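In: Show me the folded form of this:
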Amino acid sequence: MPEESTKPAVLYHGSPHGEIEELGPRRESVRDPEEGPVLFATQDLAMATIFMFKSRHWGSGKFGEIPYALIGEPREEFIKRDKGGHIYVLPSKTFHSDPNKGLGIYEWTSKEKVKPIQKIEYPSVLDAMIENDVQVYFVDQKTYKDINTSGDHG
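Out: Just a heads-up that it's a prediction; the model follows:
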């Protein structure tokens, strides 16, 4: 795990919801059954913008240092459903990172509830991703499946 001296002072959490006063672990946020529910955050604002939108067909990560969002639906459908989103700025005190899980050094988790110290609102998730240099790819379902099942994830 990263040393405490490398822990950022704040982390970011993306959400489509704008009225959250306290964030906490949720049952549907389980990446490892032994770990249980956790609250996810990242020190990378660009990565957080990806999580402001919930989609049925979705993939994300980084190729090198370049964040990407893989969206398995037509751009027009995504834009119709894009109602904007929010980035919550969180104190990092209760968060820990395991470089061998999830998004590695870009993913921090907490098992405790956390009160945001700031909220950033974006009128469009797509615009927020592009403004923060996320490479956004809209692909059909076959291409989406091919990418997710390929050895190098595309």
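In: what's the residue closest to the geometric middle of this protein?
Out: A centroid search over the chain (CA atoms, centre = their mean) returns residue 51, at 3.8 Å, as the residue closest to the centre.
In: for the protein, what's the longest helix?
Out: Taking DSSP state H as the criterion, the chain has its longest helix at helix 141-149.
In: mind listing what's buried in that helix?
Out: 144, 147 (16 or more other CB atoms under 10 Å). Every residue, glycine included, has its C-beta placed from N, CA and C.
In: what helices or strands is it leaning on?
Out: When contacts are defined as 3 or more CB pairs under 8 Å, 6 or more residues apart in numbering; DSSP states H and E, helix 141-149 packs onto strand 58-63, strand 66-71.
In: Dump the C-alpha coordinates for the first one into PDB.
Out: The one in question is strand 58-63. Provided in PDB are the C-alpha atoms of strand 58-63 (Å, rounded to 0.1, in the frame of the first residue of the first chain):
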ATOM      1  CA  TRP A  58     -19.200   0.900 -19.300                       C
ATOM      2  CA  GLY A  59     -15.500   0.500 -19.000                       C
ATOM      3  CA  SER A  60     -12.800   2.800 -17.800                       C
ATOM      4  CA  GLY A  61      -9.200   3.000 -16.700                       C
ATOM      5  CA  LYS A  62      -5.800   4.400 -17.800                       C
ATOM      6  CA  PHE A  63      -3.600   3.400 -20.700                       C
END
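In: Thanks again, I'm all set now.
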